[in-house]
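*Asks:* Here's a sequence, model it:
(chains A and B)
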There are 2 protein chains.
Amino acid sequence: MTTVSTLREYIAARRELVDQALGRFLPAPPRSPAVVSEAMRYSLFAGGKRFRPILTLAAADAVASDVRLQEDPQPAMAPDHRVALALPAACAIELIHTYSLVHDDLPAMDNDTLRRGRPTSHVVHGEGMAILAGDGLLTEAFALLAREPADPEGHLAPRVRRTIGLIADAAGAAGMVGGQAVDLEAAGKGPAAFSLEGLRDMHARKTGALIKASALAGAVMAGGTAAAVDAVGRYAAHLGLAFQIVDDVLDVEGATEDLGKTAGKDAAAGKPTYPALVGLERSKALAAEAFEAALDALDGQRMRSSRLEEIARWVVGRTS
Amino acid sequence: MTTVSTLREYIAARRELVDQALGRFLPAPPRSPAVVSEAMRYSLFAGGKRFRPILTLAAADAVASDVRLQEDPQPAMAPDHRVALALPAACAIELIHTYSLVHDDLPAMDNDTLRRGRPTSHVVHGEGMAILAGDGLLTEAFALLAREPADPEGHLAPRVRRTIGLIADAAGAAGMVGGQAVDLEAAGKGPAAFSLEGLRDMHARKTGALIKASALAGAVMAGGTAAAVDAVGRYAAHLGLAFQIVDDVLDVEGATEDLGKTAGKDAAAGKPTYPALVGLERSKALAAEAFEAALDALDGQRMRSSRLEEIARWVVGRTS
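*Replies:* Down below sits the predicted model:
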């Protein structure tokens, strides 16, 4: 109970930090026209869980709380300051996640009119403006990474450049956009369109890559050693897989009111899912395996009892 | 005649350099799925003039050819090497320009089915894939800037971070995306939707910002002094305005076969243009003023006879 309650508090505090920073970082009039600024804000403040930015901050926390995980151990740098270096990356990733939802909901893609109980962007702002709001959110992610944290001496610039690269690779044609394209190409062909390996590759791109980048960005921006960054990357790759399988299982077993979207929607749409491919029990076993592998990755790097372990428990135990 | 012929050769050589680099830099299978990689290539190699990347390289050339314009004068660094530092930025800007055309052509935006005589992306690949191809091109621009030029020691990282920032600001909600949003909002309202000041602001965002960023990126990546970078920025702001007015004038006066699109299309669509707002003669006078102001900006920095002057002459003298 204590752990659960503490994690809940941790998540609530981090979510608050991210929400405040997002409000501060977003472009607003007169710098950017009201019409597109408002459309960007509409989707960004729509009740998201902030899972990815919280993961970024948790990875930064894990590195910041142990000098043996830092490539530039500076006793003078308070752990909180080190975590703060990762806050812009956390927000940039949430901007990218949000843009992907806005474009994914478009009539030419999934054609969703509701998300978390609210009308989707194109329903409210029109299709053209929704496309532009998504474009604006994606672009702003990189503008933000170029601007924050401020670094007049240029010491952080190599770290920031690396972070921009790993986020862009995860979001682009080799990652999320590529996964969406494969998913779109397979649409309507039913579960038979994918082997288990093909489904795993599609999800590794579509959702896994950005989840992995979220954790990596936190470890890199907080100054993690090569070994710590590597461990965080392996942890997050397994976590991303577990996250996706749990998503698919919840679509079958979850309650509509918990999910904030219609349960059973994927199955009804003939979407390839883990339960559709290997059944519900085997899906749960695969999620449990991925969870264990995620924890194993943390073992060698003294991060086993960090927030990263708790977050993994949260991901596999969630009901929405 | 000599100058014109030399400029033509210069442009042809730079275009070749950009085309080869784009082919090398673009993601391809198996790193990215074939379906989206091909859609990205389709629009990127569609006969574009490469005006923006050539402008980037010309600004880098101007800085590289005079050590007095360099903040880090290194006699050991050949001018060509200095210009090569700007090549990834030149390509990134062309990726962004191309994505903006793909999204702009979508049914929910301008609904264009032809561009440079070829069917637009959504006609060939479907609307969903065209949206994703645009998203992929935009994201890849930043992945490329994070990756190239290689910089194992991290000396270039502050310069690269600054370049990413100025490109993202120009492309995002404060720049190009914002301009598109204002344009979309005004669609169908006819020329009366804008004052001359409003039209100028819309174009400064929609096309001017990225043209300015193109030149700035070249000057920054080549290591220009603050004064040189500032002069290049002022030059390019005026050049962007001239470019847009000439575009509007050509839509009235140009021949359809030269333009590769239907002349008179803007007027027929009731789009706000300079000729519609202030007439043809006054539009030409405004373009000439902007051209002179662009050259004036170069005066104080010994760049008056550089390729930048020739490119300005090319822009105002073009027929397509």
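
*Asks:* From here on, just use CA atoms for contacts and neighbour counts.
*Replies:* Fine.

*Asks:* Might one say that residue A:60 is in contact with residue A:86?
*Replies:* Yes - assessed by CA atoms under 8 Å, residue A:60 is found in contact with residue A:86 at 6.6 Å.

*Asks:* Spit out the residues that contact these two alike.
*Replies:* Common contact partners of residue A:60 and residue A:86 (CA atoms under 8 Å, 6 or more residues apart in numbering or on different chains): A:218, A:221-222.

*Asks:* Pick the one among those residues closest to chain B.
*Replies:* Ranked by distance to chain B (CA to the nearest CA), those are led by residue A:221 at 14.5 Å.

*Asks:* Nearest residue to the closest one in space, please, no chain neighbours.
*Replies:* The shortest distance from residue A:221 to any non-neighbouring residue, by CA to CA, 6 or more residues apart in numbering or on different chains, is to residue A:86 (5.2 Å).

*Asks:* Relative to chain B, how far out is that neighbour?
*Replies:* 16 Å (CA to the nearest CA, to the nearest Å).

*Asks:* what about that residue, how many neighbours?
*Replies:* A total of 30 residues lie near residue A:86 under the criterion other CA atoms under 10 Å in any protein chain shown.

*Asks:* do residue A:125 as well
*Replies:* Residue A:125 is flanked by 18 other residues according to other CA under 10 Å.

*Asks:* Leaving out sequence neighbours, find the closest residue to it.
*Replies:* Setting aside the residues directly before and after it, residue A:125 is nearest to residue A:39 in space (CA to CA, 6+ apart), at 6.8 Å.

*Asks:* Contacts only, for the one you found.
*Replies:* A:121, A:125, A:129-130, A:133.

*Asks:* Mind checking which of the residues you listed are in helices?
*Replies:* Using DSSP state H, the members of the contacts of residue A:39 that fall within helices are A:121, A:125, A:129-130, A:133.

*Asks:* top of these by neighbour count?
*Replies:* Highest neighbour count within those, by other CA under 10 Å: residue A:133, with 33 neighbours.

*Asks:* my read: that one touches residue A:44, true?
*Replies:* No - judged on CA under 8 Å, residue A:133 makes no contact with residue A:44 at a distance of 10.2 Å.

*Asks:* In a helix, residue A:227, correct?
*Replies:* Yes - secondary structure assignment places residue A:227 in a helix (DSSP: H, G, I helix; E, B strand; the rest coil).

*Asks:* Next, count neighbours for it.
*Replies:* There are 14 residues near residue A:227, going by other CA under 10 Å.

*Asks:* List the residues that contact it.
*Replies:* Shown in contact with residue A:227 (CA under 8 Å, 6+ apart): A:69, A:301.

*Asks:* for chain A, what spans make up the strands?
*Replies:* A:114-115, A:118-119 (DSSP state E).

*Asks:* mind putting those strands in a markdown table, distance to residue B:279, mean pLDDT and mean neighbour count included?
*Replies:* Shown next, in a markdown table, are the strands of chain A (distance: least, CA to CA, whole Å; pLDDT from 0 to 100; neighbours: other CA atoms under 10 Å in any protein chain shown):
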| stretch | distance to residue B:279 | mean pLDDT | mean neighbour count |
| --- | --- | --- | --- |
| strand A:114-115 | 47 | 93 | 17 |
| strand A:118-119 | 44 | 96 | 14 |
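
*Asks:* got those as CSV, with distance to residue A:143 columns?
*Replies:* Putting these into CSV (distance: least, CA to CA, whole Å) gives the following:
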stretch, distance to residue A:143
strand A:114-115, 27
strand A:118-119, 28
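
*Asks:* Let me have these in TSV, extended by distance to chain B.
*Replies:* Below are these laid out as TSV (distance: least, CA to the nearest CA, whole Å):
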stretch	distance to chain B
strand A:114-115	19
strand A:118-119	18
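
*Asks:* gap between residue A:287 and chain B?
*Replies:* Plainly put, residue A:287 is 26 Å away from chain B if you go by CA to the nearest CA.

*Asks:* same question but for residue A:309, I mixed them up
*Replies:* Applying CA to the nearest CA to residue A:309 and chain B gives a distance of 30 Å.

*Asks:* Identify the residues contacting the nearest residue to that residue once chain neighbours are set aside.
*Replies:* Using CA to CA, 6+ apart and skipping the chain neighbours, the partner closest in space to residue A:309 is residue A:295 (6.4 Å). Counting by CA under 8 Å, 6+ apart, residue A:295 touches A:235, A:304, A:309, A:312.
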